[in-house]
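Give me a model of this one.
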Amino acid sequence: MSGMWKNELGSVMELKDDGTGKISGTYRTGAEFFMSKEPGETADLVGYIKNHTDKETGIPTTTITFCMAWKIE
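Below you'll find the model as predicted:
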């Protein structure tokens, strides 16, 4: 799973899947731009993606988790 996603406030997330279950990328918040027209902060993100089948329903499922480290100044 690799790609770029945007929301209605202008936040942008870019993900790269390395094929082993690890994902990395960046997240730029659009909340500041929405309120003040200033560019938002960008944070690196890391996480994991796992495709599996739900044991109870048998439905194929994808789980994604990630975290970001924001700079505090």
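
When you work out contacts or count neighbours from here on, use the C-alpha atoms and nothing else.
Noted.

mind checking which helix or strand the most centrally placed residue in the chain is in?
The chain has M13 as the residue nearest its centroid, 5.2 Å off, counting by CA atoms, centre = their mean. Here M13 is covered by strand 12-17, with elements defined by DSSP states H and E.

What ranges does this protein have for its strands?
3-6, 12-17, 22-28, 42-53, 60-68 (DSSP state E).

Make JSON lines out of these and add mean pLDDT.
Putting the strands of the chain into JSON lines (pLDDT from 0 to 100) gives the following:
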{"stretch": "strand 3-6", "mean pLDDT": "93"}
{"stretch": "strand 12-17", "mean pLDDT": "93"}
{"stretch": "strand 22-28", "mean pLDDT": "94"}
{"stretch": "strand 42-53", "mean pLDDT": "93"}
{"stretch": "strand 60-68", "mean pLDDT": "92"}
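
So which of those is the most surrounded?
Counting by mean count of other CA atoms under 10 Å, strand 22-28 has the highest mean neighbour count of the strands of the chain, with a mean of 19.

Please identify the pairing partners of that strand and their relative orientation?
Sheet pairing for strand 22-28, assigned by DSSP bridges, gives strand 12-17 (antiparallel), strand 42-53 (antiparallel).

Distance check, the residue lying farthest from the centre of the chain against A69.
What lies farthest from the middle of the chain is E56; by CA atoms, centre = their mean that is 27.7 Å. E56 is 35 Å from A69, where distance means CA to CA, to the nearest Å.

follow-up on the earlier one: right, and the strands paired with strand 22-28 - which one's nearest T62?
strand 42-53 (4.4 Å; CA to CA).

C-alpha coordinates for that closest one, PDB please?
Below are the C-alpha coordinates for strand 42-53, written out as PDB (Å, rounded to 0.1, in the frame of the first residue of the first chain):
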ATOM      1  CA  THR A  42       5.400  17.900   8.500                       C
ATOM      2  CA  ALA A  43       6.200  14.900  10.500                       C
ATOM      3  CA  ASP A  44       7.800  11.600   9.600                       C
ATOM      4  CA  LEU A  45       5.700   8.500  10.200                       C
ATOM      5  CA  VAL A  46       6.500   4.800  10.600                       C
ATOM      6  CA  GLY A  47       4.200   1.800  11.000                       C
ATOM      7  CA  TYR A  48       3.000  -1.600   9.900                       C
ATOM      8  CA  ILE A  49       0.500  -3.100   7.600                       C
ATOM      9  CA  LYS A  50      -0.900  -6.600   7.800                       C
ATOM     10  CA  ASN A  51      -3.300  -8.500   5.600                       C
ATOM     11  CA  HIS A  52      -5.100 -11.400   7.400                       C
ATOM     12  CA  THR A  53      -8.400 -13.200   7.500                       C
END
